[in-house]
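Student: quick one: sequence and predicted model below, then my questions.
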Amino acid sequence: MGRSIDYGNLMHEAMRGLIRKVLDDVAERGLPGAHHFFITFDTSHPDAELADWLSDRYPGEMTVVMQHWYDNLDVGEDGFSVTLNFGDAPEPLYIPYDAIKTFVDPSVEFGLRFETQDDDETGSADQTPTSGTTLPAIKPEEKLPASADQDEGEKKPQDAEIVSLDSFRK
């Protein structure tokens, strides 16, 4: 068979570009209004950088919340770095865009999910995403993590939260 268009990779490239543009804007201007992000990423990705105790505690994936307190957001071509607060201990993270599994902004019911397909021949996960989906909308009556429920006027530093996004999945 001849050459074909790889729509899955093209879609994921575009979705990662969208995340980069959003984070770039936040780095320049801050988070507007009630916007905040739940970002789930692969902690075992070779280019991800996080404290040993975090990678030990979350060896497969971790979800971080960017909301009331974050610092040093630096958006690059291949990933971004940010300092988040874990139990009153600021920790720098570097998250490559291709390590991101989900990106959710519950304030506007927006979400992206990056899926991988198992490679039957090798038995390992293929690094190439196969399709992207929009996560189901978050209904206002659904309870969000404590940090998402706080008054937006309250600006005291908060611990970063690691949350499960299972409730947002189909």
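Tutor: Cool, got the structure.
Student: all helices for the protein, in order.
Tutor: Shown for the chain, the helices assigned by DSSP state H span residues 7-29, 52-57, 146-149.
Student: and these, which one averages the lowest pLDDT?
Tutor: Here the helices of the chain differ in mean pLDDT, and the lowest is helix 146-149 at a mean of 36.
Student: distance of L10 relative to F38?
Tutor: To F38, L10 is 25 Å away according to Cβ to Cβ, to the nearest Å. From N, CA and C alone the C-beta is placed, and that goes for glycine too.
Student: name the residues of stretch 67-74 that come out as buried.
Tutor: For stretch 67-74, the neighbour count (16 or more other Cβ atoms under 10 Å) marks 67-70, 73 as buried.
Student: sorry, that was for stretch 35-51
Tutor: Buried residues in stretch 35-51, counted by 16+ other Cβ under 10 Å: 35-43, 45, 48, 50.
Student: same thing with stretch 54-66?
Tutor: For stretch 54-66, a neighbour-count test (16+ other Cβ under 10 Å) marks 54, 58, 61-66 as buried.
Student: now, which of these lie within strands?
Tutor: Mapping the buried residues of stretch 54-66 onto strands (DSSP state E) picks out 61-66.
Student: between the buried residues of stretch 67-74, which is nearest I5?
Tutor: Using Cβ to Cβ, L73 comes nearest to I5 of those, at 34.5 Å.
Student: in contact with that closest one, which residues?
Tutor: In this structure, L73 makes contact with 23, 26-27, 66, 80-82, judged by Cβ atoms under 8 Å, 6 or more residues apart in numbering.
Student: pipe the buried residues of stretch 54-66 into TSV and attach distance to I19 per row.
Tutor: Converted to TSV, those look like this (distance: Cβ to Cβ, whole Å):
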residue	distance to I19
L54	21
Y58	20
E61	16
M62	17
T63	15
V64	14
V65	15
M66	12
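Student: tell me the one of those nearest A99?
Tutor: Checking the buried residues of stretch 54-66 one by one against A99 (Cβ to Cβ), the nearest turns out to be E61, at 9.1 Å.
Student: tell me which residues touch that closest one, please.
Tutor: 40-43, 101.
Student: and the gap between D52 and H45?
Tutor: 15 Å.
Student: please report how far R20 lies from A51.
Tutor: In this structure, R20 and A51 are 24 Å apart, going by Cβ to Cβ.
Student: can you pull up the bridge partners for the closest residue to P92 other than its chain neighbours?
Tutor: Distances taken as Cβ to Cβ, 6 or more residues apart in numbering put T83 closest to P92, at 4.8 Å, once the chain neighbours are dropped. Per DSSP bridges, the residues bridged to T83 are D71, P92.
Student: right, and T83 touches D74 too?
Tutor: No. The pair T83 and D74 does not pass the contact test of Cβ atoms under 8 Å, sitting 9.6 Å apart.
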